[in-house]
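Colleague: Quick check, what structure comes out for this input:
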Amino acid sequence: KSLLGQDILYGAFTFNMPFQEALLELKQNKKKYQNIVLGGGTSYAIRRASFKRKKDRVYSLTLTSKKTLNLKQASGYLNKSRSYFEKAGYTVVYADKHWSEPLLRDPQKPCIRLANKDKNLLIEMEPIGQGAIYNIYITYYSYDWFVAKVTGKTAL
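Modeller: Numbers count the residues shown, from 1 in each chain. Model prediction:
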């Protein structure tokens, strides 16, 4: 989706928006971004540290599970969130063969990536933690920016 010609990352946050604008939007609508449900029983939040930026422009945004999760909960979050995105029209463009099992997946490779049907938004889900404590991170990227970055064709 696009907002005034800019690719939407999430909510009112757009690719390449000024970082200060992103912080203002987060501050003014804090409640809206504190309990984001991406599948039944999941709860994510956007925090000040959620924005990745270069030259004071936002190029990606990360939602973080609101609470720390045990291994079973982390796996559940991954499955429920993937299902949520697939129902919204996203398709998997990459998945580790053990993408929903944090202890078995290859930590040197991405966990799972999905793209929207317009191929302008890429989502990457990662379980980060160890032993019995995990958080799930869902990062939104502009699809074109991500492809340019990965292929070395300069991005931002």
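Colleague: So which residue is smack in the middle of the protein?
Modeller: residue 139 (2.1 Å; CA atoms, centre = their mean).
Colleague: Just grab the bridge partners of that one for me.
Modeller: Beta-bridge partners recorded for residue 139 (DSSP bridges): residue 62, residue 124.
Colleague: Pull up the gap between it and residue 148, please.
Modeller: 16 Å (CB to CB, to the nearest Å). In this view, the C-beta of every residue, glycine as well, is placed from N, C-alpha and C.
Colleague: pLDDT weak spots in this protein?
Modeller: Along the chain, segments meeting pLDDT under 70 span 1-6, 154-156.
Colleague: which helices and strands sit right next to the longest helix belonging to it?
Modeller: Longest helix of the chain, by residue count under DSSP state H: helix 71-87. Contacting helix 71-87 under the criterion 3 or more CB pairs under 8 Å, 6 or more residues apart in numbering; DSSP states H and E are the following elements: strand 112-115, strand 121-130, strand 133-142.
Colleague: Going by neighbour count, which residues in it are buried?
Modeller: 71, 73-78, 80-82, 85 (16 or more other CB atoms under 10 Å).
Colleague: for stretch 50-66, same thing?
Modeller: So, applying 16+ other CB under 10 Å, buried residues of stretch 50-66: 50-51, 53, 58-66.
Colleague: Report the two of the residues you listed separated the most.
Modeller: 59 and 66 (23.9 Å; CB to CB).
Colleague: and the closest residue in space to residue 34 that isn't next to it in sequence, what does it touch?
Modeller: Closest residue to residue 34 apart from its sequence neighbours, by CB to CB, 6 or more residues apart in numbering: residue 45 at 5.1 Å. Residues counted as contacts of residue 45 (CB atoms under 8 Å, 6 or more residues apart in numbering) are 33-36, 63-64, 66.
Colleague: at 6 Å instead, please
Modeller: Going by CB atoms under 6 Å, 6 or more residues apart in numbering, residue 45 touches 34, 64, 66.
Colleague: Over to residue 71?
Modeller: Residue 71 touches nothing, counting by CB under 6 Å, 6+ apart.
Colleague: Provide the secondary structure category for residue 67.
Modeller: coil (DSSP: H, G, I helix; E, B strand; the rest coil).
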